[in-house]
Structure formats: structure tokens, C-alpha cells
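Engineer: predicted structure and sequence below. I'll ask about it afterward.
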Amino acid sequence: ILLDLLQFFSDLIEQERETVGDRHELIFQITGNNQDFWGDRGLLQQIFTNLISNAIKYSPDGGTVEFHLIGKESQVIFYIKDQGIGIPMADQENLFQSFSRGSNVDTIPGTGLGLAIAKACVELHGGNITLSSQVGQGTKVTVSLPKICPIGQLSPSSNS
Ligand code: ATP
Ligand code: MG
């Protein structure tokens, strides 16, 4: 489905803003060109709501969550960056596996599926997802997606 990226992500960020209220500041920044993006609405929603919800969940109230969208020639790069608790280096490589949770989460509840689902959706979309983090400093997740999803139209056309 041909998506208007700006519209899609403005709506998504607006929804998240309503959810977090004034507990967190959500910064949304777009750079580069907003060319046609052929993608699956449902997959994109799944990817970015999981990532934004982690950024919020693992940040203290008052923290800032940044969402950057950078349009390149043939792909779009996304950064989701928080100033939260961060993840110890030793835990970082396993977090994309189902039910894997870091030793950083302490009593914060969760099932350990968000990143695994996000990664599966990113891969369906022909893209890449990586994470970098420092304890006490925050976490940055980078997603890159080709502007043309390799598997073509996935969502029912009523979604368009
Ligand atoms: P849920 O299934 O509800 O999303 P979860 O958040 O624990 O549960 P994932 O989203 O897969 O599961 O994240 C896996 C683990 O990665 C988390 O338990 C946490 O240890 C770590 N993590 C993920 N995102 C962040 C983040 N932004 N800051 C700090 N730790 C994070
Ligand atoms: Mg999660």
C-alpha cells in the first residue's frame, strides 16, 4: 500500500502523545525527502508502537523520547531514542529473541515479546533493526526500511 509517511507517523505520534499525557515528552522530527513509501500499515504500526512503548516504559517520568524519520534515496531510517534506564552490554544481543528480558527491568512488568515481534515485522518488510544502549544514559533503536516493501501489498485494501 502506498503510504503517506508524514501523515502516517504524525498520526501515530499523536496517538502515543495522548497515551503518555504529560509524563513524557515526545519529540518527532523528520528530515530528508518524503517520497512514496510502499509498505504495510499493520506491520509498521506493530513495529513502532512496540518500540515507542519500550522507550516510554523504560524511562523515568519526565524523560524525553525522540522519534526521527530520515528519508533517503531508497530507504527510510528511523531512530527511537530515550533517556531511560539503558541496557547492560551483556544483555543486549539476546533481546530480540522471544521472551528475553534484560536484567535492567527489575520490577517493570513485560513478557519479552515486543522486540522479537518488531524484528519479525521489520524483516518481513525487508529491513534491519539494531539497538545501542548505555546503562543510565538511554537506548537508541535504529530501523531501516526499503521504500518499497519486497513482499508487496500485505494489508487488505480496505486499509488504504
Ligand atoms: P513486552 O512483551 O511487554 O514488550 P518487554 O518490554 O520486556 O515486554 P521487549 O519489548 O521485547 O519485551 O524488550 C525486551 C527487553 O529489552 C526488555 O525487557 C528490556 O530489558 C529491554 N529493553 C527494550 N527496550 C528498552 C529500552 N528502550 N530501554 C531499556 N531497556 C529496554
Ligand atoms: Mg516491550
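Structural biologist: That came in fine, so what should we check first? Ligands and ions are numbered 1, 2, ... in the order given.
Engineer: show me which residues of this protein are close to ligand 2?
Structural biologist: 54, 114 (CB under 5 Å from the ion). C-beta here means a position set from N, CA and C on the backbone, and glycine is covered the same way.
Engineer: let's see it at 6 Å
Structural biologist: For the chain, the contact set with ligand 2 under CB under 6 Å from the ion comprises 50, 53-54, 110, 114.
Engineer: check contacts around the residue in the chain positioned nearest to ligand 2.
Structural biologist: Per CB to the ion, residue 114 is where the chain lies closest to ligand 2, at 2.8 Å. Listed by CB atoms under 8 Å, 6 or more residues apart in numbering, the contact partners of residue 114 are 50-51, 53-54.
Engineer: mind running it again at 6 Å?
Structural biologist: Residues near residue 114 by CB atoms under 6 Å, 6 or more residues apart in numbering: 50, 54.
Engineer: hang on, the earlier thing: most neighbours out of the residues of the chain next to ligand 2, which is it?
Structural biologist: When neighbours are counted by other CB atoms under 10 Å, residue 54 leads the residues of the chain next to ligand 2 with 22 neighbours.
Engineer: state whether that one is indeed within a helix.
Structural biologist: Yes: the assignment for residue 54 (DSSP: H, G, I helix; E, B strand; the rest coil) places it in a helix.
Engineer: now do it, the pLDDT please.
Structural biologist: We have a pLDDT of 96 for residue 54.
Engineer: now the residue nearest to it when sequence neighbours are not counted: how far from residue 129?
Structural biologist: The shortest distance from residue 54 to any non-neighbouring residue, by CB to CB, 6 or more residues apart in numbering, is to residue 114 (5.8 Å). Using CB to CB, to the nearest Å, residue 114 is found at 12 Å from residue 129.
Engineer: can you give me the helices in the protein?
Structural biologist: Per DSSP state H, the chain carries helices over the ranges 5-20, 41-57, 89-92, 114-124.
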